[in-house]
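Colleague: Okay, here's the prediction I keep looking at, along with the sequence it came from:
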Amino acid sequence: MSTSEATVGDTELTLKPVTNDKVVEGDLGKFAERLELNKFTENKNEWKKFYDFAGLDFVWPSTNINERRLIFDYVVDPDWDPIGEELAANAIGYCNLLKSNTLDSSQGTHILLVHGKFVRYGSSEEEEELVKEFPGCYFVPVEKRIVELRKFPAIDNNTNKEWQVHIRLRNTVNALDEVGMANVEQGFRIVIDTGSTITVIPYFVRQKLYSRQDCWKTIPIEASGYGDDVKIFHASRDWYICLGDGINWSG
């Protein structure tokens, strides 16, 4: 092991999982208030689940509220089972490593974290193999990847509605796994920008799918610009996307 890898491997987590089922309700409330879990939910069962994972003395790593919400959701959202707690531990470990400034890009473009601990450096070509070998691992860039989102004006044509489209999203492996979104739904509006290099759909559309894990990467990238600090999950394989007006659809 190189000197730099030994230094990275020394980064500690603050997790102290609870090994019994006893917790005073007042302590749980203080725990949720201190970590601001009450900004995410008032569900005490979810507070308790995170308490059991992290321990009473847990402190958030130096990060933003969206990163904290991601870690919280990894733990409490059953859609992330059975790898949610592993993802959460690795997300915390990654935050701590970024803050430590001990990562060395000359050793590799990516790092592997398992059980919240640094394992080794690597290259992006290894991602698919490592995710299969270590379910819930974090294989992430040495330098956090950020995608810039931009806001642009759309012609408010209330007669022809040419600026609005409906979409259908279908799994290329399972044709029955299909969802749609109206041109305006839950406060979101679908507008097609032909100059964009990435298509972003709201998370609630993904929630309608057969599985929130299947065909999607488990580790998000971060947005800058419009939607600053928002987490974006990349598709892990191609999807069929159809556009239409609600009646007529593209092929």
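Modeller: It's in. Predicted, not measured: the structure shown is a model, and the values here were computed from it.

Colleague: Could you check how far Leu97 is from Val114?
Modeller: Distance of Leu97 to Val114, given as Cβ to Cβ, to the nearest Å: 13 Å. C-beta: built from backbone N, CA, C; applies to glycine.

Colleague: Strands of this structure, residue ranges please.
Modeller: Under the criterion DSSP state E, the chain contains strands at 110-114, 117-122, 138-141, 146-149, 166-171, 178-181, 184-185, 188-189, 221-225, 231-232, 239-244.

Colleague: Would you check the distance separating the last one from the middle of the chain?
Modeller: Relative to the mean C-alpha coordinate of its chain, strand 239-244 is positioned 23 Å out (Cα atoms, centre = their mean, to the nearest Å).

Colleague: So which bits of that strand are buried?
Modeller: If you call a residue buried by 16 or more other Cβ atoms under 10 Å, then strand 239-244 has these buried ones: Trp239.

Colleague: what residues does that strand touch?
Modeller: Outside strand 239-244, the residues within contact range by Cβ atoms under 8 Å, 6 or more residues apart in numbering are 165-172, 192, 199, 215, 249-251.

Colleague: can you check the fifth one too?
Modeller: In this structure, residues lying in contact with strand 166-171 by Cβ under 8 Å, 6+ apart are 177-183, 190, 201, 205, 209-210, 214-215, 239-246, 249.

Colleague: pLDDT weak spots in this protein?
Modeller: The model of the chain has pLDDT under 70 over residues 1-14, 16, 18-25, 150-164, 192-195, 225-228, 251.

Colleague: can you list the domains in it?
Modeller: Per the record's domain assignment (automatic domain parsing), the chain is made up of the domains 3-142, 166-244.

Colleague: Tell me which of the ones you listed sits most buried.
Modeller: Mean neighbour counts were taken over the domains of the chain using mean count of other Cβ atoms under 10 Å, and the top value, a mean of 16, falls to domain 3-142.

Colleague: Now do the helices in this structure.
Modeller: When secondary structure is read from DSSP state H, the chain shows helices at 3-9, 25-34, 44-54, 65-76, 84-100, 127-133, 203-207.

Colleague: Make a markdown table from those and add distance to His110 to it.
Modeller: As requested, the helices of the chain are arranged in a markdown table below (distance: least, Cβ to Cβ, whole Å):
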| stretch | distance to His110 |
| --- | --- |
| helix 3-9 | 13 |
| helix 25-34 | 34 |
| helix 44-54 | 26 |
| helix 65-76 | 19 |
| helix 84-100 | 11 |
| helix 127-133 | 7 |
| helix 203-207 | 25 |
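
Colleague: do you know which of those lies nearest Arg120?
Modeller: helix 3-9 (6.8 Å; Cβ to Cβ).

Colleague: With Asp52 as the reference, measure out to the most centrally placed residue in the chain.
Modeller: Of all residues in the chain, the one closest to the mean position by Cα atoms, centre = their mean is Pro220, 3.9 Å from it. Plainly put, Pro220 is 24 Å away from Asp52 if you go by Cβ to Cβ.

Colleague: Check the gap between the nearest residue to Trp216 once chain neighbours are set aside and Tyr121 for me.
Modeller: The shortest distance from Trp216 to any residue that is not its chain neighbour, by Cβ to Cβ, 6 or more residues apart in numbering, is 5.2 Å, and that residue is Phe233. Using Cβ to Cβ, one obtains 24 Å as the distance from Phe233 to Tyr121.
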